[in-house]
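A.B. asks: Have a look; sequence and predicted model below, questions after that.
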Amino acid sequence: MAFFLAAILAAYAALNYYLLKRTSQALDETGMVRTIVLWSIVCLALSFPIGKILERFFAGGITGGLVKVGSFYLGAFFYGLLTAALVDLLRVANRFSVSIPVSASAGRVIWLTAALAILATIIAGHAVAMHPRLRTMDLDIPKKAAGLRDLSIVAVSDMHLGTVVGIDHLRRILALVKAANPDIVLLAGDIYDADVPDELEREIARVLGGIHARYGVFAVTGNHEYYGGVEKAVLNLTKGNVTVLQDSAVLIADAFYCIGRKDLSAQRMGTGRKSLEEICAGVDRTVPLILMDHQPFHLDVAEKNGIDLQISGHTHDAQLFPNNLFYGLIYEKSYGYLKKGNTNIVVSCGAGTWGPPIRTTAIPEVLHIRLHFEK
C-alpha cells in the first residue's frame with residue numbers, strides 16, 4: 001500500500017510539473033502575473049494531498065477546507081492536462097506541415113481562453129453534480145412472487161459521502177427517495193468515501209436511518225468501503241438500520257430474494273468473497289431474484305445463476321468527459337440497461353462524485369425501478 005501511494009504521488013507530482021511547465025511557457029514575459037499564476041497552481045496542487053494527510057490526525061476546519069479546494073483543483077488539473085497535451089499534439093503535427101508561428105501575445109490569449117473554458121466547465125459540472133435526478137424504469141419479471149404483483153425499488157449507488165460530498169447532498173438524495181415512495185431501498189455500494197472522519201461517518205448512518213420503506217433498506221459494500229475500513233462502515237450502517245448483505249441472500253415477504261455480494265476488493269484485501277453459485281445454493285429460483293453487485297464485471301455469471309435483476313454502480317459513467325468514450329473497452333455495460341437472456345442488468349452512474357465534485361458526463365441519479373411480476 002505504501003509503494004502504491006508513493007507511486008500515485010510521484011505520478012501526480014510529475015504531471016503537475018508538466019502542467020506548470022506548459023503554463024510557464026504560455027505566460028512567458030508577463031512578470032508578476034506569471035509568478036502569481038504559477039504559485040497559485042502549486043498551492044492548489046498541494047491542498048488535496050496535504051488535506052488528506054492532516055485529516056487523519058484532526059478532521060474538520062482547515063483540513064476539510066483544504067480537501068474541498070483541492071478536489072475542485074483536481075477537475076481543473078484534469079482538463080488542464082488535456083488542454084496542454086492537445087496543444088503539444090498540435091505542435092508535433094505542425095512540424096510535419098506548414099509552420100505557423102505563434103507570437104507571445106497570441107500564446108497568452110490561447111492560455112487565457114483555455115483557463116476561462118476550464119473554469120466554466122468546473123462551475124457547470126459542479127452545478128450538475130449537486131442536482132441528482134430521479135430516473136424511473138419499468139421491468140417485467142416473468143415469475144410469480146407470492147401474490148405480489150408489483151415491487152417499487154429505489155436503488156442508489158456511489159454517493160461517496162464524506163468530506164467533499166456531505167450531509168446536504170445526502171438530504172437531496174433522500175428527498176428523491178421519499179418522492180418515489182419505494183417498497184424497498186437498495187444501496188449498491190460506495191456509500192462512504194475513503195477516510196471519512198469517524199464522527200461524520202456516524203452522522204451519515206444516522207441520517208440514512210431516516211429512510212422508511214415497507215421492506216427495509218439493504219446495502220452492499222463497494223470498493224471505497226474497503227479503502228476506508230469495511231468493518232467500521234458495516235457497523236455504522238447497521239446502527240443506521242441498514243441491513244448489509246455480505247455474500248448472503250434473504251427471502252423477503254416470501255415473495256422475492258434480495259442477494260448481496262461483497263465487493264471485488266474483498267479478494268484483494270484478503271477476506272475473499274463467495275461465488276454467486278455458493279450464495280444461491282439454498283435459494284428458491286422459482287421466485288424473483290434481485291442481486292446487488294457493486295462492480296459490473298462478469299455479467300454472464302448473473303445470467304447463468306438465474307438472476308432476474310442485477311443492480312450495479314461503480315463506473316460513474318466515467319464522471320468526466322471524454323473518459324466515458326473509452327469505458328466500453330473496460331466494461332460490457334458501463335452505464336444504463338442491458339438484457340442478457342432473462343437477466344435484467346442496470347448499471348447506475350451513481351448519485352455522488354469521487355475526487356472532483358463535478359460531472360461532465362451523465363447526470364447523477366437515484367434509480368426508481370418498478371418491477372411487474374406474473375399475476
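C.D. replies: The structure has been received and is ready for your questions.
A.B. asks: which residues does residue 314 contact?
C.D. replies: Residue 314 is in contact with 157-158, 189-190, 222-223, 294-296, 347, 350, counting by C-beta atoms under 8 Å, 6 or more residues apart in numbering. Just so you know, the C-beta spots here come from the backbone N, C-alpha and C atoms, and that holds for glycine as well.
A.B. asks: how about those in a markdown table, adding neighbour count, secondary structure and distance to residue 256?
C.D. replies: Formatted as a markdown table, the contacts of residue 314 follow (neighbours: other C-beta atoms under 10 Å; DSSP: H, G, I helix; E, B strand; the rest coil; distance: C-beta to C-beta, whole Å):
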| residue | neighbour count | secondary structure | distance to residue 256 |
| --- | --- | --- | --- |
| 157 | 32 | coil | 20 |
| 158 | 28 | coil | 24 |
| 189 | 30 | coil | 20 |
| 190 | 29 | coil | 24 |
| 222 | 31 | coil | 23 |
| 223 | 20 | helix | 27 |
| 294 | 28 | coil | 20 |
| 295 | 20 | coil | 23 |
| 296 | 24 | coil | 21 |
| 347 | 26 | strand | 21 |
| 350 | 29 | coil | 25 |
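A.B. asks: pLDDT added to these, as a markdown table?
C.D. replies: Below are the contacts of residue 314 laid out as a markdown table (pLDDT from 0 to 100):
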| residue | pLDDT |
| --- | --- |
| 157 | 97 |
| 158 | 97 |
| 189 | 93 |
| 190 | 96 |
| 222 | 95 |
| 223 | 95 |
| 294 | 98 |
| 295 | 97 |
| 296 | 97 |
| 347 | 98 |
| 350 | 97 |
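A.B. asks: Among those, which pair sits farthest apart?
C.D. replies: 223 and 347 (15.1 Å; C-beta to C-beta).
A.B. asks: For residue 369, give me its contacts.
C.D. replies: Residue 369 touches 136-137, 139, 152-155, 309, 311, 346, counting by C-beta under 8 Å, 6+ apart.
A.B. asks: same thing with residue 274?
C.D. replies: Counted by C-beta under 8 Å, 6+ apart, residue 274 has contacts 247, 261-262.
A.B. asks: could these go into a markdown table alongside distance to residue 119, pLDDT and secondary structure?
C.D. replies: Below are the contacts of residue 274 laid out as a markdown table (distance: C-beta to C-beta, whole Å; pLDDT from 0 to 100; DSSP: H, G, I helix; E, B strand; the rest coil):
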| residue | distance to residue 119 | pLDDT | secondary structure |
| --- | --- | --- | --- |
| 247 | 46 | 96 | coil |
| 261 | 41 | 97 | coil |
| 262 | 41 | 96 | coil |
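A.B. asks: Show me which of the residues you listed is closest to residue 177.
C.D. replies: For the contacts of residue 274, the nearest to residue 177 is residue 261 (22.6 Å; C-beta to C-beta).
A.B. asks: circling back: nearest to residue 178, of the contacts of residue 274?
C.D. replies: Closest approach between the contacts of residue 274 and residue 178, by C-beta to C-beta: residue 261, at 27.6 Å.
A.B. asks: what ranges do the helices span in this protein?
C.D. replies: 2-26, 32-55, 62-95, 104-129, 167-180, 198-208, 223-228, 230-239, 265-268, 276-279, 299-304 (DSSP state H).
A.B. asks: Quick one: closest of these to residue 145.
C.D. replies: Closest among these, using C-beta to C-beta: helix 299-304, at 18.6 Å.
A.B. asks: Buried residues, the closest one. List them.
C.D. replies: Neighbour-count burial for helix 299-304, counted by 16 or more other C-beta atoms under 10 Å, picks out 299, 301-303.
A.B. asks: List the contacts of that helix.
C.D. replies: Outside of helix 299-304, the residues within contact range by C-beta under 8 Å, 6+ apart are 276, 291, 293, 310, 332-333, 338, 340-343, 345.
A.B. asks: go with 7 Å
C.D. replies: Contacting residues not belonging to helix 299-304 are listed as 276, 291, 310, 332-333, 340-341, 343, 345 [C-beta atoms under 7 Å, 6 or more residues apart in numbering].
A.B. asks: And for stretch 178-188?
C.D. replies: By C-beta under 7 Å, 6+ apart, stretch 178-188 touches 134, 151-157, 177, 211, 213-220, 242, 292, 294, 311-313, 348, 368.
A.B. asks: Which entries within those residues meet the buried criterion?
C.D. replies: By 16+ other C-beta under 10 Å, these give 151-157, 177, 211, 213, 215-220, 242, 292, 294, 311-313, 348, 368 as buried.
A.B. asks: Distance to residue 360 for the helices of the chain - can I get that in TSV?
C.D. replies: Shown next, in TSV, are the helices of the chain (distance: least, C-beta to C-beta, whole Å):
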stretch	distance to residue 360
helix 2-26	19
helix 32-55	19
helix 62-95	9
helix 104-129	5
helix 167-180	18
helix 198-208	26
helix 223-228	21
helix 230-239	29
helix 265-268	27
helix 276-279	34
helix 299-304	26
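A.B. asks: Out of the ones you listed, which one sits most buried?
C.D. replies: Ranked by mean neighbour count, the helices of the chain are led by helix 223-228 with a mean of 22 (mean count of other C-beta atoms under 10 Å).
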